[in-house]
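Chemist: how does the following fold in three dimensions:
(chains A and B)
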Amino acid sequence: GQNIDQPTEMTATEGAIVQINCTYQTSGFNGLFWYQQHAGEAPTFLSYNVLDGLEEKGRFSSFLSRSKGYSYLLLKELQMKDSASYLCAVRRGRDDKIIFGKGTRLHILP
Amino acid sequence: DGGITQSPKYLFRKEGQNVTLSCEQNLNHDAMYWYRQDPGQGLRLIYYSQIVNDFQKGDIAEGYSVSREKKESFPLTVTSAQKNPTAFYLCASSATATNEKLFFGSGTQLSVL
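Modeler: As a prediction, the model looks like this:
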């Protein structure tokens, strides 16, 4: 089968660091994406990992371990505008479909 | 400006009625996708198309139909067979079918009257 798991909700404080985890089990693997989505809006691309390791892009970093079926998104220096849902998505190797997890709602407290 | 456009933003369907959601892109992308988003359910794939005049069912295709007569356009019809159509529908495109990120439209909220 296929499964992408991430926590439903998380809360963090402005200026702090938060790590959102994602584990996956899919039929083959062709890359993992992280998207940000504000309520009622379209998802926007944050990062893409296809090889093991850490990809850093400003305040956001994403890590992948293919052997463990695990990724995380790290957000530093949190700002109030980072309050959003964060979606983990895997491009399945069997048919190249992009399958999404249910998303993690991140609440930032002042 | 290049982008992907969905219309309308809000749509209401009566019982037994078919409705069509529009999706147009001017990014010259080969692949296009339709996702449905329900609260707490994440995005679920309805249909996708990797090339003109070809499309494949996603995980929840029942009650929906699509066409891909032009590279720029991938309309989704929600038929009367879809008994629970109320959801947020997102169209997306990517440059090729592999190793490329998805660009999303702004979405259509469909509700049943």
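Chemist: what residues does chain A put near chain B?
Modeler: Residues of chain A lying close to chain B (C-beta under 8 Å from any C-beta of the partner chain) are A:8, A:30-31, A:33, A:35, A:40-45, A:48, A:50, A:87, A:89, A:91, A:95-103. The C-beta positions use only the backbone N, C-alpha and C, and glycine is treated the same way.
Chemist: enumerate the residues of chain B near chain A.
Modeler: B:33, B:35, B:40-45, B:48, B:50, B:56, B:58-59, B:88, B:90, B:97-99, B:101-107, B:109.
Chemist: selection in ChimeraX covering whichever of those are buried, please.
Modeler: Listed next is the ChimeraX selection for buried residues among these, using 16 or more other C-beta atoms under 10 Å in any protein chain shown:
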select /B:33,35,42,43,44,45,48,50,58,88,90,97,101,102,103,104,105,107
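Chemist: where does chain A dip in pLDDT?
Modeler: For chain A, the stretches with pLDDT under 70 are A:1.
Chemist: would you map the strands across chain A?
Modeler: A:3-5, A:9-13, A:18-25, A:32-37, A:44-49, A:53-57, A:60-65, A:70-75, A:84-91, A:98-100, A:104-109 (DSSP state E).
Chemist: can you pull the contacts of residue 94?
Modeler: You didn't say which chain, so I picked chain A. Applying C-beta atoms under 8 Å, 6 or more residues apart in numbering or on different chains, we find residue A:94 in contact with A:26, A:27, A:28.
Chemist: that's the wrong chain, I wanted chain B
Modeler: Here residue B:94 is in contact with B:29, B:30, B:31, B:33, B:100, B:101, B:102, B:103 (C-beta under 8 Å, 6+ apart).
Chemist: tally of neighbours for the residue lying closest to it once chain neighbours are set aside?
Modeler: Nearest residue to residue B:94 in three dimensions, chain neighbours excluded: residue B:100, at 4.2 Å (C-beta to C-beta, 6 or more residues apart in numbering or on different chains). Residue B:100 has 17 neighbouring residues, counting by other C-beta atoms under 10 Å in any protein chain shown.
Chemist: A helix includes residue B:100, no?
Modeler: No. Checked against DSSP: H, G, I helix; E, B strand; the rest coil, residue B:100 lies outside a helix; its state is coil.
Chemist: check the gap between it and residue B:21 for me.
Modeler: 23 Å (C-beta to C-beta, to the nearest Å).
Chemist: could you do residue A:21 as well?
Modeler: On the measure of C-beta to C-beta, residue A:21 and residue B:21 end up 34 Å apart.
Chemist: and for residue A:45?
Modeler: For residue A:45, the distance to residue B:21 - C-beta to C-beta - is 22 Å.
Chemist: more neighbours, these two?
Modeler: Higher neighbour count among residue A:45 and residue B:21: residue B:21, with 23 against 13, using other C-beta under 10 Å.
Chemist: now residue A:97: closest residue in space that isn't a chain neighbour?
Modeler: Nearest one to residue A:97, counting by C-beta to C-beta, 6+ apart, is residue B:45 at 6.0 Å.
Chemist: that neighbour bridge partners, please.
Modeler: residue B:35 (DSSP bridges).
Chemist: tell me the contacts of it?
Modeler: A:97, A:98, A:99, B:33, B:34, B:35, B:58, B:59, B:60.
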